[in-house]
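S.K.: Give the three-dimensional model of this entry:
(2 chains)
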Amino acid sequence: MSPTETPSAENPLVDGLERLPVHPTVLVIFGATGDLARRKLLPALYNLAHEGGLPERFSLVGNARSEMTDEEFRQQATDSVREFSRRPPDEKVLAKLVGDIRYVSGSFDGEHVYEQLATALTELDAAAGQPLNRCFYLSTAPTFFPVIIDELGKHDLAQSEEAEVRVVIEKPFGRSLEEARDLNARVLSVFSEQQVFRIDHYLGKETVQNVLALRFANNMFEPLWNRNFIDHVQITASEDIGIGSRAGYYESAGALRDLVQNHMLQLLSLLCMEPPVAFEADPVRDEKVKVLRAIKAPTVVEVPDMAVRAQYGPGISAGQEVAGYLEEPGVPKGSTTETYAALRLEVRNWRWAGVPMYLRTGKRLARKVTEIAVTLKPVPHLAFQSEASAPIKPNVLVLTVQPNEGVSLSIGAKIPGTRMAIRTVNMEFSYGTAFLSESPEAYERLITDAMRGDATLFTRNDEVEAQWRLIDPIIKAWEQMPGPLPQYPAGSQGPTDAQELLTGDARWRMI
Amino acid sequence: MSTSDLVWSDQATVPAKIEHALRKLVTECHAANHHCVPARTLNLVCIVDREWSGEIANRLRRVGRFHASRTVVCAVEQGRTTIDAQATVATEEDLHAGGFSVMRELVIVHVGEHHLRDLDTIVDPLVVTDLRTVVWSPHGHPEAVDALTTGRAGGAPIAQVVLLDAFDEPDPAMALAREGALAERGEVVDLAWLRCTPWRERLASAYDPPTRRPELATLSKISVRYHTDSLVSGLLLVGWLCAQLGWRPEELTRHGQLLRGRARARRGEVELRLEPVEGMRVPGLSGVETRSDLGTVLALERGEGGLTARRVERSGEEQVWTVLGASRGEPGILGEGIRQALLRDLPFKPALAAARRMLG
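M.R.: Numbering: from 1, shown residues only, chains lettered A, B, ... in the order given. Reported below is the predicted structural model:
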């Protein structure tokens, strides 16, 4: 039992509130001057403040290597909010939010950083007249995660007698199964699993959470949600942009590590998991892990049959001629980093045996879209075949995560006229047309959950290792294959080789 | 945001013709531009005196994204015997991310006072079936609200939710009695209650840390200060505390401007005080203070960038800080009211019952 979880009276005042309280907290952001903090974290904190969603007592401490004063960091935070907030800031709220921010400069392995941090945290507790919960947010390059974790442990900052201490770790969580295991071991030698919040920001997206709502709050889908009715599943995460100025990062990641290992396997887990007994951290994550464990990891020899990689070449995107990956600034000559990856997986359990699960992701494809398309098996006999009918396609249920968030179901319908001719039409549900509320940014939800200690939308240690177990052999196989990689024209549907992954009559959906 | 409109109008018309025209406008709009799609969220039926309809239209325009997907404005004119109508389907020309633009459907129906008792028969064809319908009648016309919230011949009512603002009512006791009657047959969203929401959230938050929770059982005095016309907000806040904490309030007594009384809690009595504040520029609450038997005090006051909180510990040590939050403003409160029509607000009815008890 954690220090503040001692048996206590109930708080009936929270019953029926739309927004649940978050206990007094100090949030420490490591890497507070970085891109993620400027574009996402600081604007998310402002939006929470605007809506009254921050804890009753809230303090923010930033840390980064750049030398600057508290005042200079406050100005930088103000500028970030003004530039990247989803709403124009209320200047009074913004001034109050940044007014008390503290900044501790120094490298992540610097002793004095943690000493100063400990002093700042003690002072903030004293100023608040109570021990504040502590939430350490690691928004740094991944190489610094173990360093920071070790230093927090060494300086006695990972535990508190009087308050909750939590650590939020950004992705990527390792670059291989071995690294993920090592990092988990390092993290869990300092923190307990209940204190650790591994971020996959896809899980903070409303439409990703809606996969669970769609499956488990609607009786019409669940009877069909199995191998008897589903022919195959396609999960697509495509981008129309190239790597821009991120060659350094992308060269160390590639499409497989950047999107498949985390986001796309999360989508697959949510789509295939059994109903959890409760929408709580461990029941949900238990079911997701079962799905990942039911997927057979390929051997290195099997990889060419179940995975395709490619790089974008020069082409036309949005009417403009664009360079290929190898011509992008910062990309080394002869690079074999994949910008496209497609996989065929199978979830080997009672529900899904024999149903191919196709995953594909890529940069510089025809369009930006993230979707899950579930194709049902065709009807066993069609009595309406006629020349006037368009070829009748099986029903497809498409859950679009971005950009046009919603659900679409294709169905056969009679074409108006004297003949019984059938055409496929779509039933559409669009998030933007059905709710008054604007979806909060994923980071607003995830920061709140981390401060509240709700890990439902975060990745557990065994989950992240189960993800790497599937991806590792593919990385190893690809590392052994010589380049150059097959190329697909920028702005296209991707490499034609990807078609060979599909079995039966399946075709990749148009991006 | 630029918009383009398709408009239809008719005089001495009937609801079926209006409904047909609306359907046609929606189809035409979508056919002209496949990116334009009808929103299907909420019907809002707004009953207004014709001479004040412009002001209400302005208020609705300012609610921002919380607009109903179909708004039916019944503009009441004395002596009118026929129905005139105008239907508009407006679309935003700027596409949302993902490439669609949402239609906003507005119907203005000019009716006479004699139509109000049977307004449901006019409105029924004009609302989108299977969507929640909320009725807002800021200029009175209770017979029209009753027509829409009482099922005809034992059937289901047209409107499931009544939106109102007790701030507009001169007599708080009557306002609460009316809300009580409406709440018995449907859901009520009172903007006076929504003005309390940040205060409720902050009180709940202040007592949520496990070390603070036991203090709830020791509260001995609640003081609320409110805008001179917002007594109902104050009563609902105190009523909420009573209902959630299991206190039974007694009838309050007036001492000049001050209302005072007691509530029976399990372990003793809690003193209740409600006091108006002159010169407050916005409706709602000005401050809330709780005191406990232990000698602790928690005070929340309106302040810059949020609520100013002050806490006095048993030792006499005092802490002052700001609980961050932007003012929603009156348009924001109305928008929130429309949004709340889609949600269930379970604490409201018990709070209302306790508030009514305090007024005897």
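S.K.: Helices of chain B, start to end?
M.R.: Secondary structure of chain B (DSSP state H): helices located at B:15-32, B:53-61, B:119-123, B:142-149, B:172-185, B:191-194, B:197-206, B:231-245, B:329-340, B:348-358.
S.K.: Please state the offset of the longest one from the chain centre?
M.R.: This means helix B:15-32. 31 Å (CA atoms, centre = their mean, to the nearest Å).
S.K.: nearest residue to A:Val113 other than its sequence neighbours?
M.R.: A:Gly106 (3.8 Å; CB to CB, 6 or more residues apart in numbering or on different chains). (Glycine included, C-beta is placed from N, CA and C.)
S.K.: Which residues are in contact with that neighbour?
M.R.: A:63, A:65, A:112-113, A:116 (CB atoms under 8 Å, 6 or more residues apart in numbering or on different chains).
S.K.: A:Lys40 now?
M.R.: Neighbours of A:Lys40 in contact, by CB under 8 Å, 6+ apart: A:84, A:441, A:443.
S.K.: mind checking how far it is from A:Ala64?
M.R.: Note on A:Lys40: its distance to A:Ala64, by CB to CB, to the nearest Å, is 15 Å.
S.K.: hmm, back to that, among the contacts of A:Lys40, show me the least confident.
M.R.: In terms of pLDDT, the least confident member of the contacts of A:Lys40 is A:Glu441, at 85.
S.K.: Phi first, then psi, for it.
M.R.: Backbone dihedrals for A:Glu441, given as degrees, to the nearest 10, come out at phi -60, psi 150.
S.K.: and if you look at A:Gly494?
M.R.: As for A:Gly494, its main-chain torsions (degrees, to the nearest 10) stand at phi 110, psi -180.
S.K.: sorry, back to before: buried by neighbour count, from the contacts of A:Gly106: which ones?
M.R.: Among these, the ones that count as buried by 16 or more other CB atoms under 10 Å in any protein chain shown are A:63, A:113, A:116.
S.K.: Closest one of these to B:Glu184?
M.R.: Set against B:Glu184, the nearest of the buried ones among the contacts of A:Gly106 by CB to CB is A:Asn63 (57.1 Å).
S.K.: Listing partners with orientation, what would you give for the host helix or strand of that closest one?
M.R.: Using DSSP states H and E, A:Asn63 falls within strand A:58-64. Here strand A:58-64 is paired, per DSSP bridges, with strand A:25-30 (parallel), strand A:102-105 (parallel).
S.K.: and those strands as TSV, adding distance to B:Ala166, mean neighbour count and mean pLDDT?
M.R.: Putting the strands paired with strand A:58-64 into TSV (distance: least, CB to CB, whole Å; neighbours: other CB atoms under 10 Å in any protein chain shown; pLDDT from 0 to 100) gives the following:
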stretch	distance to B:Ala166	mean neighbour count	mean pLDDT
strand A:25-30	36	25	98
strand A:102-105	44	22	96
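S.K.: Residue of chain A closest to chain B, please.
M.R.: Nearest residue of chain A to chain B: A:Asn404, at 2.8 Å (CB to the nearest CB).
S.K.: pretty sure that residue is touching B:Phe100, no?
M.R.: Yes - counting by CB atoms under 8 Å, A:Asn404 does reach B:Phe100; the two are 6.4 Å apart.
S.K.: what touches both of those two?
M.R.: Each of A:430, A:432 lies in contact with both A:Asn404 and B:Phe100 under the rule CB under 8 Å, 6+ apart.
S.K.: residue with max distance from the center of chain A?
M.R.: Using CA atoms, centre = their mean, the residue of chain A lying farthest from its centre is A:Thr418. It sits 50.1 Å away.
S.K.: and it, which of the three is it?
M.R.: Applying DSSP: H, G, I helix; E, B strand; the rest coil to A:Thr418 yields a three-state assignment of coil.
S.K.: Read off the pLDDT value for it.
M.R.: For A:Thr418, pLDDT reads 81.
S.K.: With A:Leu292 instead?
M.R.: A:Leu292 carries a pLDDT value of 98.
S.K.: quick one, what contacts it?
M.R.: Neighbouring residues of A:Leu292 by CB under 8 Å, 6+ apart: A:265, A:269, A:463, A:466-467, A:469-470.
S.K.: Kindly report the residues of the stretch 1-150 of chain A close to chain B.
M.R.: Taking CB under 8 Å from any CB of the partner chain as the contact definition, the stretch 1-150 of chain A meets chain B at A:4-6, A:8-19, A:21-24, A:49-52, A:54-58, A:90, A:92-97, A:128-130.
S.K.: Tell me which stretches of the stretch 301-450 of chain A form strands.
M.R.: Listed from the start of the chain, the stretch 301-450 of chain A has strands (DSSP state E, counting those that start in this stretch) covering A:307-313, A:315-317, A:320-322, A:340-346, A:356-362, A:369-376, A:396-402, A:406-414, A:422-430.
S.K.: Which of those strands sits closest to B:Arg213?
M.R.: Nearest of the strands of the stretch 301-450 of chain A to B:Arg213, taken as CB to CB: strand A:396-402 at 39.3 Å.
S.K.: That closest one - contacts with which helices or strands?
M.R.: Here strand A:396-402 touches helix A:206-216, strand A:369-376, strand A:406-414, going by 3 or more CB pairs under 8 Å, 6 or more residues apart in numbering or on different chains; DSSP states H and E.
S.K.: how about a cut-off of 6 Å?
M.R.: Here strand A:396-402 touches strand A:369-376, strand A:406-414, going by 3 or more CB pairs under 6 Å, 6 or more residues apart in numbering or on different chains; DSSP states H and E.
S.K.: Tell me which residues are up against the strand holding A:Asn63.
M.R.: Strand A:58-64 has contacts (CB atoms under 6 Å, 6 or more residues apart in numbering or on different chains) with A:26-33, A:73, A:101-104, A:120, A:124.
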